[in-house]
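Engineer: Predicted model and sequence below, questions to follow.
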Amino acid sequence: MKGPATSSCGLRRCSAPFSGPQLSRYGRLGPRVGLASAGSAGPSGGATIPDCVFSREEEDDGCYDGPEGVLQQPTPSSTSAPSATPVNPLNAAAAASAAGAGAGARAGMPRVTLVNAASVLTATAPTQSGTVPEEPTQPLEATSSGAGAERERFDWFAQWWPVAPVELMDASRPHPFTLLGQDLVLWRDGSGQWRAFRDACPHRMAPLSEGRIEKDGQLLCAYHGWRFDGKGACTEIPTARTPDQLHRATSSPRSCATAHPTLQRGGLLWVWGQGGPGAEEAAAAKQPYLPPEIQADGSGAPGVEAPGWTFRDLPYGHNYFIENVVDPAHVPVSHHKVAGNRYTDPKPFGMEFSRPLSLEGGFEFRIPDPWRADVAESFTGFQPPAHVRIQQNHTKGGSTILALFSTPTRPGWTRHIGQQLRVGGGTGIAFFAAPLPKWLFHSLGSVFLHQDMVFLHHQERIVAREAAARREEGAGAGATSPSPSSPSAPVPPPKYFMPTGVDRGVTAWRSWLSTFAGGDVQWAPGTPPLGPRETDPTVLFDTYHTHTKQCVVCSAALARMRTVRSVARAVGLLAAALAVAAVAVRAMAAVAAAAAATAAATATVPQGVLGTVVKGAAGFFATGEGVFVAMLAIVAALVVAATNKLERMMHIYEYSHRDNH
């Protein structure tokens, strides 16, 4: 029984339970914090990002090769009262003298500490010579110079997140998707608009992703038949006895599905991180970030070659995806034989910050001397909440841009969306520029992704275990162990040892995360924690459930591939049967002719038959028909072997650096 046409469930009216934190959960805590660029360094001329980072204070071990301008906690014996001028924590010089640096430290070599950048707002003036801090031209902005100054916090839920390339989605069915720990269903309604609902029918919490999109463009819950329009309003309850009962039920806000605002732009489907009342107004006040080389319809701007987006669900978290792609030093080593050579390409290179660290602007750094000989300079930038842009300007002209997105789905998983853009004939990574069918390009992309994934999946869990151990140590010492789900809980930074300047991108990312975003992704309440390390390669390297099954291009190609393989097998069997029949006919004719020619043939028939068969086969395959049949059988066998291998890759692609010689 259908409800009245006037029954609707706008976001303002619907007060269904919100699946994530409410919009008012965080207020505006203060002004934006910035980072001085490298070119604006003070008289000391030091680096903008510390070269050597530890998770906690340790003595110098003599390996540090960078400048002394390292983020360091001041000690009472080596500092004066806090300066009234706020200073960028990442550009702050060491404020302790050699005498006050602690026992065992060499003069002039500071003890190195990674301080939570969120807690560092002001500089401390040194009292002894030799410890003059850098004076950035763009200091931190703060509401006050005191240690308790509040500042603006990044709200993970009040963001537009890219969830999928629209052209790769099957519009005929609903799709489950998890965003920041919130289970959603993505579907396209009768008006052609993609929608995102909380994946729970308000009736009995059955997953709407198991439902159907009906001919009228509404979403049907396949459990009891409730229907919902694109705004989340319930339009039909089959078990309602009377029209009045149906009207009263569908007029209740409790009958509404919780809707998240959606947007189609740049060929991508974007979903707002919050749903329910107020979400639509908040989403309308903010626009998603799209690379300027991509037009609203997803095509490249004039002069830009844009092959199209691809996606993949990766078994490691958003933090580690961003950390990995802002680390240019790993490329020739991890991507050996694909994007470099681990033995000849690694070298030192400079990194200068070209965009200050800030809440909304992220950061960007320039490499004036890249390791690739054909690249004149490169830029790598992070744009919150999800985008990393890697631009390489080539010595022979033209540029290539890796446009990469990462959307956190659940702890230990992220949705990656990306493509390589070419501007003015840029070459870039040859693999990404190869003229391949989309399905083959998607499948072969696993080679590149798995070269990093085999590290990052395990790295994330190793770091998590280390952090848990440190929390337990702190709790055992009498310290309060913060709840990881608390938005104000300090997240211990990874215990990394980074003694060279090529890791400044990693330091910048971790500093942005710590300063503005609480040190970690904020998950919806009730989100399951990070899982253990996966040791089963069929699970870790699964490509079917993480891409193929969800991609209309690849799933269609897989179906065609199976059909081609079945035909190839049939052709191969037919060719074999034709060859056997032709040889048999020739052999029988030869035996009959020999028997008629001599009366003694009976005694020698067995030997003559075998020889005749061989001669008959040789004679057949020497003819045009025989060659054709043989080639047909060989081609059929090759097609079967190739489709078997490709289908395997579209399901599982195992990778090991130990075997990449």
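Structural biologist: Great, that's in hand.
Engineer: Helices of the stretch 251-400 of the chain, start to end?
Structural biologist: Listed in chain order, the helices of the stretch 251-400 of the chain (DSSP state H, counting those that start in this stretch) span residues 279-284, 318-325, 331-334.
Engineer: Can I get the ones you listed in JSON lines including mean pLDDT, mean neighbour count and distance to residue 534?
Structural biologist: Just so you know, the C-beta spots here come from the backbone N, C-alpha and C atoms, and that holds for glycine as well. Below are the helices of the stretch 251-400 of the chain laid out as JSON lines (pLDDT from 0 to 100; neighbours: other C-beta atoms under 10 Å; distance: least, C-beta to C-beta, whole Å):
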{"stretch": "helix 279-284", "mean pLDDT": "97", "mean neighbour count": "18", "distance to residue 534": "35"}
{"stretch": "helix 318-325", "mean pLDDT": "97", "mean neighbour count": "24", "distance to residue 534": "14"}
{"stretch": "helix 331-334", "mean pLDDT": "88", "mean neighbour count": "20", "distance to residue 534": "19"}
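Engineer: Could you say which one of those helices comes nearest to residue 547?
Structural biologist: The closest approach between residue 547 and any of the helices of the stretch 251-400 of the chain, judged by C-beta to C-beta, belongs to helix 318-325 at 15.5 Å.
Engineer: Which strands or helices does that closest one pack on?
Structural biologist: Helices and strands in packing contact with helix 318-325 are listed as strand 387-394, strand 399-410, strand 413-423, helix 438-476, helix 504-516; criterion 3 or more C-beta pairs under 8 Å, 6 or more residues apart in numbering; DSSP states H and E.
Engineer: pLDDT on the fourth one, on average?
Structural biologist: Right, the one you point to is helix 438-476. For helix 438-476, mean pLDDT is 91.
Engineer: tell me the domain ranges of this protein?
Structural biologist: As assigned by automatic domain parsing, the chain contains the domains 32-152, 156-284, 304-481+520-537, 553-659.
Engineer: Including distance to residue 504, could those domains go into TSV?
Structural biologist: Output for those, formatted as TSV (distance: least, C-beta to C-beta, whole Å):
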stretch	distance to residue 504
domain 32-152	4
domain 156-284	25
domain 304-481+520-537	5
domain 553-659	25
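Engineer: just flag whichever of the ones you listed has the lowest average confidence.
Structural biologist: Among these, domain 32-152 scores lowest, with a mean of 36.
Engineer: Give the helix, strand or coil label for the spatially closest residue to residue 208 that is not a sequence neighbour.
Structural biologist: Of all residues beyond its chain neighbours, the one nearest residue 208 is residue 185 (4.5 Å), with distances taken as C-beta to C-beta, 6 or more residues apart in numbering. Secondary structure assignment for residue 185 (DSSP: H, G, I helix; E, B strand; the rest coil): strand.
Engineer: distance of residue 185 from residue 470?
Structural biologist: With distances defined as C-beta to C-beta, to the nearest Å, the gap from residue 185 to residue 470 amounts to 39 Å.
Engineer: How about residue 657?
Structural biologist: The gap separating residue 657 from residue 470 is 29 Å, by C-beta to C-beta.
Engineer: Show me what the helix ranked longest in the chain is packed against.
Structural biologist: When the chain is parsed with DSSP state H, its longest helix is helix 552-597. Counting by 3+ C-beta pairs under 8 Å, 6+ apart, the packing neighbours recorded for helix 552-597 are helix 438-476, helix 601-621, helix 624-651.
Engineer: angle of the last one against helix 438-476?
Structural biologist: So the one you mean is helix 624-651. 30 degrees (axes from the mean of the first three to the mean of the last three C-alpha atoms, to 10 degrees).
Engineer: buried residues in helix 624-651?
Structural biologist: Of the residues in helix 624-651, those scored as buried under the neighbour-count criterion (16 or more other C-beta atoms under 10 Å) are 626, 629, 632-633, 636-637, 639-640, 643, 646-647, 649-651.
Engineer: angle of it against helix 552-597?
Structural biologist: Put simply, helix 624-651 runs at 150 degrees to helix 552-597, going by the same axes, to 10 degrees.
Engineer: Quick one: neighbours of the residue nearest to residue 159 when sequence neighbours are not counted, just the number.
Structural biologist: Excluding the flanking residues, the one nearest residue 159 by C-beta to C-beta, 6+ apart is residue 385, at 4.4 Å. Counted with other C-beta atoms under 10 Å, the burial measure for residue 385 works out to 26 neighbours.
Engineer: And residue 385, how close does it get to residue 573?
Structural biologist: For residue 385, the distance to residue 573 - C-beta to C-beta - is 56 Å.
Engineer: Residue 302 now?
Structural biologist: Applying C-beta to C-beta, the value for residue 302 to residue 573 is 53 Å.
Engineer: between these two, who's got more neighbours?
Structural biologist: The residue with more neighbours, out of residue 302 and residue 573 and counting by other C-beta under 10 Å, is residue 573; that gives 12 against 7.
Engineer: Of all the helices of the stretch 251-400 of the chain, which one is nearest residue 211?
Structural biologist: Nearest to residue 211 among the helices of the stretch 251-400 of the chain is helix 279-284; the distance by C-beta to C-beta comes to 22.0 Å.
Engineer: Show me what that closest one is packed up against.
Structural biologist: Under the contact definition 3+ C-beta pairs under 8 Å, 6+ apart, helix 279-284 sits against strand 268-272.
Engineer: partners of the strand it packs on in the sheet?
Structural biologist: When pairs are called by DSSP bridges, strand 268-272 turns out to pair with strand 160-165 (antiparallel), strand 262-265 (antiparallel).
Engineer: relative orientation of that strand and strand 399-410 in degrees?
Structural biologist: With the same axes, to 10 degrees defining the directions, strand 268-272 sits at 40 degrees from strand 399-410.
Engineer: if we can go back for a sec, to residue 544, which of the domains of the chain lies closest?
Structural biologist: Residue 544 sits nearest to domain 553-659 of all those, at 4.3 Å, using C-beta to C-beta.
Engineer: before we move on, the earlier item: nearest approach to residue 297 belongs to which of the domains of the chain?
Structural biologist: Taking C-beta to C-beta, domain 156-284 is the member of the domains of the chain nearest to residue 297, at 6.9 Å.
Engineer: what about residue 545, neighbour count?
Structural biologist: The number of residues packed near residue 545 is 11, by other C-beta under 10 Å.
Engineer: Identify the residue nearest it in space, chain neighbours excluded?
Structural biologist: For residue 545, the spatially nearest residue (C-beta to C-beta, 6+ apart) is residue 313, at 7.8 Å.
Engineer: if I look at that neighbour, how far off is residue 296?
Structural biologist: If you measure residue 313 against residue 296 using C-beta to C-beta, the figure is 26 Å.
Engineer: So between these two, which is more surrounded?
Structural biologist: residue 313 (19 against 10).
Engineer: For residue 387, see how far away the more buried one is.
Structural biologist: Summarising the geometry, the distance separating residue 313 from residue 387, computed by C-beta to C-beta, is 18 Å.
Engineer: quick one: the residue nearest to residue 545 and residue 546 touch, right?
Structural biologist: Yes: using C-beta atoms under 8 Å, residue 313 makes contact with residue 546 at a distance of 4.0 Å.
Engineer: so which of the helices and strands packed on helix 552-597 comes closest to residue 336?
Structural biologist: In terms of C-beta to C-beta, the element of the helices and strands packed on helix 552-597 nearest to residue 336 is helix 438-476, at 7.8 Å.
Engineer: measure the residue nearest to residue 208 to residue 220 for me?
Structural biologist: Relative to residue 220, residue 185 is positioned 12 Å away (C-beta to C-beta).
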